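Colleague: Have a look at this prediction, sequence included:
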Amino acid sequence: AITEEASDEYDSIWGSLYMTFFVAPEPNSDAQGDFTKLPDFQALNAKQFQLSIKQTLIKYQKIIDSVCNIEIPLWNNIIVPLDIIEHKLSELWSPIRHLNSVSDNDELREIHNQLKQEINEFYTLLGQNQKLYLLFKQLSKQQLPAIEQKIINDNLLSFKLSGVSLSSDKKQQYQAIQKI
């Protein structure tokens, strides 16, 4: 049974996600526009993308921090928000990654490489997030459909491969290797 406290946590996280993705677009939201159609690549501005992705990573970290404060982990308040974040970040990153592949120039290459480092760092820290790992472990003990259990177990393996259980020194070493 879902307690009132768990329901409030769920509502809080979904409220943040709803505001992030559906209600409050960023100024100059061209870079975060309608993902149901192809971007206007000729109109894209690499500097604008750089700012947009940096702002998005900050916003997503706040959502992850909220998720990490959940006391009663449920599929909908742990897995779903993280899945949305990953999907939206991929959609946002795709156009600049594509442009770097087909229209390489010094400015774009520099911005692409810098953003790639920041996104890699974001995912490395996500994979080493102890609070999130413990929430996944709690989720793995629940009675869930087989596919959901598989997804959770795969994520637990990913946490382990990302060094979640390493000492602080070893985590820093892992992070340094990921920057290469």
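Modeller: That came through fine.

Colleague: surely Glu121 meets Gln128?
Modeller: No: using Cβ atoms under 8 Å, Glu121 makes no contact with Gln128, being 10.7 Å away. No exception for glycine: its C-beta is placed from N, CA and C like everyone else's.

Colleague: Overlap in contacts, those two.
Modeller: In terms of Cβ atoms under 8 Å, 6 or more residues apart in numbering, Glu121 and Gln128 are both contacted by the residues Gln175.

Colleague: So the two - more neighbours on which side?
Modeller: With neighbours defined as other Cβ atoms under 10 Å, Glu121 and Gln128 compare such that Gln128 has more, 21 against 14.

Colleague: List the buried residues for the one helix or strand Lys88 maps to?
Modeller: Lys88 is part of helix 75-102, with elements assigned from DSSP states H and E. Along helix 75-102, the positions that meet the burial threshold by neighbour count (16 or more other Cβ atoms under 10 Å) are 77-82, 84-85, 88-89, 92-93, 95-96, 99-100.

Colleague: need the helices for the protein, in chain order.
Modeller: For the chain, the helices defined by DSSP state H occupy 4-18, 46-68, 75-102, 106-127, 130-140, 146-161, 168-178.
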